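A.B. asks: A structural model of the following input is requested.
(chains A and B)
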Amino acid sequence: MKARRLLAVSGKEFLHVRRDPRSLVLAIAIPVVLLLLFGYVLTLDVDRVPMAVWDRSRTPESRELVSRFEGSRYFQVAQRAEGYPEVEEALDRGQVLAALVIPEDFAGKVRSDRSSVVQLLLDAAEANTATIALGYAEAVVSGYSSDLEVRWAHAKGLQGIRPPIDVRSRVWFNTDLESRNFIIPGLISVIMMIIAALLTSLTVAREWEQGTMEQLIATPVTAPELILGKLLPYFVIGMMDLVVAVAMGKYLFHVPMRGSLPLLFGIAAVFLVGALSLGMLFSVSTRSQFPASQMAMAFTFLPSYLLSGFVFSIDSMPPVVRAITHLVPSRYFVKVIKGIYLKGVGLGTLAVDTAPLLVFGAGLLLAATRMFRKKLG
Amino acid sequence: MSGGISNGVPMDAIRMEGLARRFGDTSAVDGLTLSVERGEIFGLVGPDGAGKTTTMRLLAAILDPTGGDAWILGHSVRGDAAEVHQRIGYMSQRFGLYADLTVLENLHFYADLYGVPRRDRAARIDGLFAFSGLGPYRRRLAGNLSGGMKQKLGLSCALVHTPGVLLLDEPTSGVDPVSRRDFWRILHHLLGEGVTIFVSTAYLDEASLCRRVGLLHRGKLLAVGSPKEVRSLFRGTLLEIRCGDSRKAAEALRQLFPAADVGLFGDRVHLGARDLDLRAAAVEAALTAAAVPFDSVLPFPPSLEDAFVSVIGRDGGGTA
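C.D. replies: Numbers count the residues shown, from 1 in each chain, chains lettered A, B, ... in the order given. So this is what the prediction gives:
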């Protein structure tokens, strides 16, 4: 393998990209647009859930419970209702997603230390939101309930009493529970995979289609020189995409970055080689731009979106699907990038997920090189 | 068989031994045996589909033979493709350079691929500009060059490493007559430098400029010799029919005249006319009857391809 021939191929490929505005748009603009779209639109946060309250008790105790809901960032009392028809209508119209009904005897039971029951009605048409809202509501109510218990005990002269079990949850890694903080890093991996595979899927096929390959294979250039030479410019573009994405995450979406940036770029480089080689493999084997780009899209978009753990948790997938995710390189990189961004972990912890990326990268690169033949037909 | 080596140096620049290539059931090239001497310019002539391009690709070691072998300066196209690629300059029939790169960028790219040392390069490229006249267009994108200039650039890229053997596949098809003449002047200049040239063509005047020509038909060499020898094989007069749908016209004429006399050359049909009473009028009537519109039916000076039609007709073979 001669460095000069490899660099000649790279230089030529750079000129193609520079002179073809469409490929530049594909390489730089699309990642930016995807990040903006997903970053702003795709939010899995549940906060300020609009709720209706029908307070039949109208006592200081019931008002305190309501104010605890109001005080929580997760709920917003949008409506005061008087009677079930009103509650039902608000839920039907979608004005509120939850309704709290406090019974008339609420205060009486609370004061006499008997159990009282409050009713929470949830619109579960959005099952995910309803489940999360239910959890928040239970937390608010149980918090108030245990406070009441302690107060009652104090009133009885039992000093120093504490609720028997006090759950003090602390959220680690994504302290604000901002879904954006894990969506943006995950998105970076999806974008790198798709764009990289798409760019290289066109490059060899285009030369076959335009007839320039026939001329090229009659020269001393070798398969590794040609494949690596063609990968190099797209590798640079892919790393530029990463820089842009990381910068947007930091300055536009304010995603905290806890780990090592060089480590992120290092492992991303390995991942990128795999993604570029995958596109190259399609380009080399089909020798035709359209099927190659279709294959690149099919084999990167859905797997890296659905099966990578980017949005949907791999642990909650059926065993068969979970097994398939092991063949999706994005799965490992999503874990790496989330680990670096949210947990700030080092290479020691990430080695388990970096090793498969190395295998994918080296394997696909070797496959693309082996598959390329300097012959027609 | 190692291509006739004498004192360790192969005597022949190109040597084919039963060279063959099949595509499925069809034999595109069917057992060619031929030697081309060093410093010779050899023309391969044949109509569309004769196997010219396949032969060129086999010699350039970019297509695997299904039978036989060929040696370029003693290196087998089967076993030593890398050695062959070092020693040849190849120009494909279709323009194979990068339209979005400039003249100079294309030249430098090929110079890098062939490992032309940087210190020799400026002189080499200046030399190429001197005969191609491309110097003033060095910063122009190759895609914006005229047909003739594109071919000269293709030739320059194939020559940038001073190859021993030049393989040119119909280098002047679709090029204006003035540029064609220029192009051939360049080729003859190269012969003076000791380059061996193997060129395929469909033009009589061009083949006549070769030292030897070979007539290729349906993958077989029918005759090899000097242009004069080959042309002498031809007899009779010739009509050239120009029309939009030449394929259909040829079909129609084959119904009426001996199929061997009808030759299809791109948008033209040639009809060998051994019968003296055969007139253009008869052809016109036949085409009108067959409802094939045509532009002109005129007597045409015989070309080598026509010689071929005649040779095939006499042999009564190859047309079955």
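A.B. asks: Report the secondary structure state of residue B:68.
C.D. replies: Three states are possible here, and by DSSP: H, G, I helix; E, B strand; the rest coil the one that applies to residue B:68 is strand.
A.B. asks: which ones are touching it?
C.D. replies: Contacts for residue B:68 (CB atoms under 8 Å, 6 or more residues apart in numbering or on different chains) come out as B:16-20, B:31-33. The C-beta positions use only the backbone N, C-alpha and C, and glycine is treated the same way.
A.B. asks: ok, 6 Å please
C.D. replies: Residue B:68 makes contact with B:17-20, according to CB atoms under 6 Å, 6 or more residues apart in numbering or on different chains.
A.B. asks: among those, which are in strands?
C.D. replies: Cross-referencing those with the strands (criterion: DSSP state E) gives B:17-20 as the overlap.
A.B. asks: so which of these is the most crowded?
C.D. replies: Within these, residue B:19 tops the neighbour count with 25 neighbours, counted by other CB atoms under 10 Å in any protein chain shown.
A.B. asks: And that residue, how close does it get to chain A?
C.D. replies: Residue B:19 is 16 Å from chain A, where distance means CB to the nearest CB, to the nearest Å.
A.B. asks: residues in contact with that residue?
C.D. replies: Listed by CB under 6 Å, 6+ apart, the contact partners of residue B:19 are B:32, B:58, B:65, B:68, B:70.
A.B. asks: State the number of residues packed around the residue of the stretch 201-320 of chain B found nearest chain A.
C.D. replies: With CB to the nearest CB as the measure, the residue in the stretch 201-320 of chain B that lies nearest chain A is residue B:219; the distance is 15.6 Å. As a burial measure, residue B:219 scores 24 neighbours (other CB under 10 Å).
A.B. asks: That one and residue B:31 touch, don't they?
C.D. replies: No: checked against CB atoms under 6 Å, the pair residue B:219 and residue B:31 is beyond contact range at 8.0 Å.
A.B. asks: Quick check, pLDDT for residue A:246.
C.D. replies: According to the predicted model, the pLDDT of residue A:246 comes to 93.
A.B. asks: tally of neighbours for it?
C.D. replies: Counted with other CB under 10 Å, the neighbours of residue A:246 add up to 21.
A.B. asks: Helix or strand: which one has it?
C.D. replies: Assignment of secondary structure by DSSP states H and E places residue A:246 within helix A:223-251.
A.B. asks: Would you mind identifying the next helix or strand past that helix?
C.D. replies: Beyond helix A:223-251 in the direction of the C-terminus, DSSP H and E gives the next helix or strand as helix A:261-286.
A.B. asks: Please name every helix or strand in contact with that following helix.
C.D. replies: Under the contact criterion of 3 or more CB pairs under 6 Å, 6 or more residues apart in numbering or on different chains; DSSP states H and E, the helices and strands touching helix A:261-286 comprise helix A:180-210, helix A:223-251, helix A:289-306, helix A:329-338, helix A:347-371.
A.B. asks: so which of these gets nearest residue B:284?
C.D. replies: With respect to residue B:284, and counting by CB to CB, the nearest of those is helix A:180-210 at 41.9 Å.
A.B. asks: where does the residue lying closest to residue B:182 once chain neighbours are set aside land in three-state SS?
C.D. replies: Distances taken as CB to CB, 6 or more residues apart in numbering or on different chains put residue B:148 closest to residue B:182, at 7.0 Å, once the chain neighbours are dropped. With three-state DSSP as the basis, the three-state label of residue B:148 is helix.
A.B. asks: Now do the same for residue B:148: its pLDDT.
C.D. replies: Each residue has a pLDDT score; the one for residue B:148 is 90.
A.B. asks: and if you look at the one 5 residues further on?
C.D. replies: Per-residue pLDDT puts residue B:153 at 95.
A.B. asks: Same check on residue A:165?
C.D. replies: At residue A:165 the predicted local distance difference test score is 65.
A.B. asks: How about residue B:196?
C.D. replies: At residue B:196 the predicted local distance difference test score is 96.
A.B. asks: wait, it sits on residue B:13?
C.D. replies: Yes: the pair residue B:196 and residue B:13 passes the contact test of CB under 6 Å, sitting 3.6 Å apart.
A.B. asks: quick one on the thing from earlier: between the contacts of residue B:19, which has the most around it?
C.D. replies: The most neighbours of any of these, using other CB under 10 Å, belong to residue B:58, which has 27 neighbours.
A.B. asks: which ones are touching the residue of the stretch 1-150 of chain A found nearest chain B?
C.D. replies: Checking the stretch 1-150 of chain A residue by residue against chain B with CB to the nearest CB singles out residue A:8 as nearest, at 3.3 Å. Residues touching residue A:8, when contacts are defined by CB under 6 Å, 6+ apart, comprise B:109, B:112-113.
A.B. asks: Check the residues you listed one by one and keep those near chain A.
C.D. replies: Intersecting the contacts of residue A:8 with the contacts of chain A gives B:109, B:112-113 (criterion: CB under 6 Å from any CB of the partner chain).
A.B. asks: Rebuild those residues as JSON lines, extending it with neighbour count and distance to residue A:129.
C.D. replies: Conversion of those to JSON lines gives the following (neighbours: other CB atoms under 10 Å in any protein chain shown; distance: CB to CB, whole Å):
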{"residue": "B:109", "neighbour count": "23", "distance to residue A:129": "58"}
{"residue": "B:112", "neighbour count": "23", "distance to residue A:129": "60"}
{"residue": "B:113", "neighbour count": "24", "distance to residue A:129": "60"}
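A.B. asks: before we move on, back to that, ok, so what distance separates the residue of the stretch 1-150 of chain A closest to chain B from residue B:282?
C.D. replies: Using CB to CB, to the nearest Å, one gets 60 Å for the distance from residue A:8 to residue B:282.
A.B. asks: quick revisit: among the contacts of residue A:8, which lie within helices?
C.D. replies: Where those overlap with helices, as defined by DSSP state H, the overlap consists of B:109, B:112-113.
A.B. asks: Which positions in the stretch 101-250 of chain B make contact with chain A?
C.D. replies: The interface of the stretch 101-250 of chain B toward chain A, taken as CB under 6 Å from any CB, is made up of B:101, B:109, B:112-113.
A.B. asks: Can you tell me which of the ones in helices among the contacts of residue A:8 is nearest residue B:173?
C.D. replies: Proximity of the ones in helices among the contacts of residue A:8 to residue B:173, judged by CB to CB, is greatest for residue B:109, which lies at 24.2 Å.
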